[in-house]
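*Asks:* Test case, fold it:
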Amino acid sequence: MKKIKNTILGFLFVILAQLAIGQQGKEKSNKEISHSVTYLETAHRKIEVNGLSIFYRETGDPNKETILMLHGFPSSSHMYRDVMKKLAADFHVVAPDYPGFGFSDAPSTKEYEYTFHNVSLLMDAFVDKLNIDSFYIMMQDYGGPIGFRMALRRPEKVKGFIVQNANAYFEGLSGEWAQKYSALLEANDAKGVLDLQNWWMSLEGIKAMYLGGVKDPSKVDPISYLTDEAFLRREGINQIQVTFLNNYGSNFDRYPAWQKYLRDHQPPTLVIWGIHDKFFSVEGAKAFSKDLKDVETHLIDGSHFLLELHSDVAAKLIKDFINRI
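*Replies:* A predicted model of the protein is given here:
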């Protein structure tokens with residue numbers, strides 16, 4: 001009887017020990033999962049900068065290298081949603097919406113000066129408000145003239161560039177739409193200019209930016225261009241966007257200064273370019289190699305918004321690029 005009792009007690013001891021080990025493993029597992037989710041999920045925040053509420057997306061560990069993502073027309077930080085998730089484990093990523101775009105404040109054109117210069121100053125203040133000391137700039141379309149202005153003022157903060165269809169050379173202005181727009185401006189055809197601007201802001205025009213050259217348009221999630229279109233339909237936004245488009249010519253006089261900056265500072269640069277962009281031709285991508293010794297250029301079979309289908313490729317290129325610096 002004593003022997004049986006000892007045997008039963010022995011079994012009970014083993015079972016209790018296994019349960020304890022299992023519980024410890026569960027606690028450890030839960031702790032690890034909680035830690036991972038904290039950094040891998042994208043947070044959607046707002047912060048007041050110079051009296052304006054600026055919306056931004058943020059993901060990744062703030063102690064890691066920061067990538068500041070500057071969006072283009074007519075989108076918002078929404079365009080970076082997929083690639084941000086794929087970079088979250090390796091980097092700290094921040095993507096703001098400019099005033100008049102996305103979820104940021106949109107004061108009227110009488111209340112706020114919508115110029116690339118002014119918005120670039122606001123982005124400087126945004127970075128300072130988040131206490132980001134240094135960063136890589138990823139820029140698409142409008143993000144180019146805003147990002148280059150930031151770099152020119154404070155080169156010590158910029159560790160390198162990731163350029164996605166953001167032009168800084170006259171060679172890049174040979175795209176179909178850029179040529180058409182230029183011809184209308186030279187002819188002083190104000191109605192033609194406004195009609196083209198409004199077409200770019202129509203659902204048809206926005207879809208053309210996303211789907212142009214895409215072999216299988218069904219693979220582009222409609223939420224992308226429908227989101228942009230919905231933001232543009234808000235009261236007062238059309239006038240803001242027209243004002244911004246009319247200011248785009250202010251960037252051309254800055255090209256020589258940006259190119260000199262590239263020659264003098266030689267920032268490591270990754271160029272990822274959608275070859276079917278009707279605004280900026282591939283010549284704009286190739287032109288960076290005129291001034292940069294350390295530039296890596298990838299021509300992608302994609303549109304102006306190539307991240308919609310090629311975020312996997314872009315994320316890998318970005319990881320490899322920053323890790324080798």
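*Asks:* for stretch 123-135, how far is the first residue from the last?
*Replies:* Start and end residues of stretch 123-135 are separated by 13 Å (CA to CA, to the nearest Å).
*Asks:* list the buried ones in it?
*Replies:* Buried residues in stretch 123-135, counted by 16 or more other CB atoms under 10 Å: 123-124, 126-127, 130, 135. C-beta here means a position set from N, CA and C on the backbone, and glycine is covered the same way.
*Asks:* Using CSV, please lay out those together with secondary structure.
*Replies:* Formatted as CSV, these follow (DSSP: H, G, I helix; E, B strand; the rest coil):
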residue, secondary structure
Met123, helix
Asp124, helix
Phe126, helix
Val127, helix
Leu130, coil
Phe135, strand
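*Asks:* Mind exporting the C-alpha coordinates of the helix or strand containing Val93 to CSV?
*Replies:* Val93 belongs to strand 92-96 when assigned by DSSP states H and E. Once non-C-alpha atoms are left out, strand 92-96 reads as follows in CSV (Å, rounded to 0.1, in the frame of the first residue of the first chain):
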residue,chain,number,x,y,z
HIS,A,92,11.5,53.4,-36.9
VAL,A,93,9.2,54.8,-39.6
VAL,A,94,7.2,58.0,-39.5
ALA,A,95,4.9,59.3,-42.2
PRO,A,96,3.0,62.6,-41.8
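*Asks:* from the chain's centre, how far out does stretch 169-184 sit?
*Replies:* 23 Å (CA atoms, centre = their mean, to the nearest Å).
*Asks:* For that stretch, what does the pLDDT average out to?
*Replies:* On average, the pLDDT along stretch 169-184 is 97.
*Asks:* okay, how far is it across it, tip to tip?
*Replies:* The first residue of stretch 169-184 is 20 Å away from its last residue (CA to CA).
*Asks:* May I have the phi/psi pair for the nearest residue to Tyr181 once chain neighbours are set aside?
*Replies:* Spatial nearest neighbour of Tyr181, excluding adjacent residues (CB to CB, 6 or more residues apart in numbering): Leu196 at 6.1 Å. Torsion angles at Leu196 (phi, psi; degrees, to the nearest 10) stand at phi -70, psi -40.
*Asks:* go on, Val163?
*Replies:* The phi/psi pair for Val163 (degrees, to the nearest 10) is phi -100, psi 120.
*Asks:* Tell me the pLDDT of it.
*Replies:* In this model, Val163 carries a pLDDT of 98.
*Asks:* give the contact list for it.
*Replies:* With contact taken as CB atoms under 8 Å, 6 or more residues apart in numbering, Val163 is in contact with 138-139, 144, 269-273, 285, 288.
*Asks:* Look at Gln241 and say how many residues are nearby.
*Replies:* 21 (other CB atoms under 10 Å).
*Asks:* Wait, it touches Ala106, no?
*Replies:* No: if you go by CB atoms under 8 Å, Gln241 and Ala106 don't touch, sitting 10.0 Å apart.
*Asks:* Mind listing the shared neighbours of those two?
*Replies:* Shared contacts of Gln241 and Ala106, defined by CB under 8 Å, 6+ apart, are found at Gly100.
*Asks:* Output the below-cut-off pLDDT ranges for the stretch 151-300 of the chain.
*Replies:* Across the stretch 151-300 of the chain, nothing is flagged by pLDDT under 70.
*Asks:* how about the strands in it?
*Replies:* In the stretch 151-300 of the chain, the strands defined using DSSP state E, counting those that start in this stretch lie at 158-164, 269-274, 295-300.
*Asks:* Ok, which of those strands comes nearest Ile325?
*Replies:* strand 158-164 (6.4 Å; CB to CB).
*Asks:* relative to strand 295-300, how tilted is the closest one?
*Replies:* 20 degrees (axes from the mean of the first three to the mean of the last three CA atoms, to 10 degrees).
*Asks:* and strand 158-164, C-alpha only, in CSV?
*Replies:* Extracted in CSV, the C-alpha atoms of strand 158-164 (Å, rounded to 0.1, in the frame of the first residue of the first chain):
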residue,chain,number,x,y,z
VAL,A,158,19.8,63.6,-43.3
LYS,A,159,21.6,60.3,-43.4
GLY,A,160,20.5,59.4,-46.9
PHE,A,161,17.6,59.4,-49.4
ILE,A,162,15.2,56.8,-50.7
VAL,A,163,13.7,58.4,-53.9
GLN,A,164,10.5,56.9,-55.3
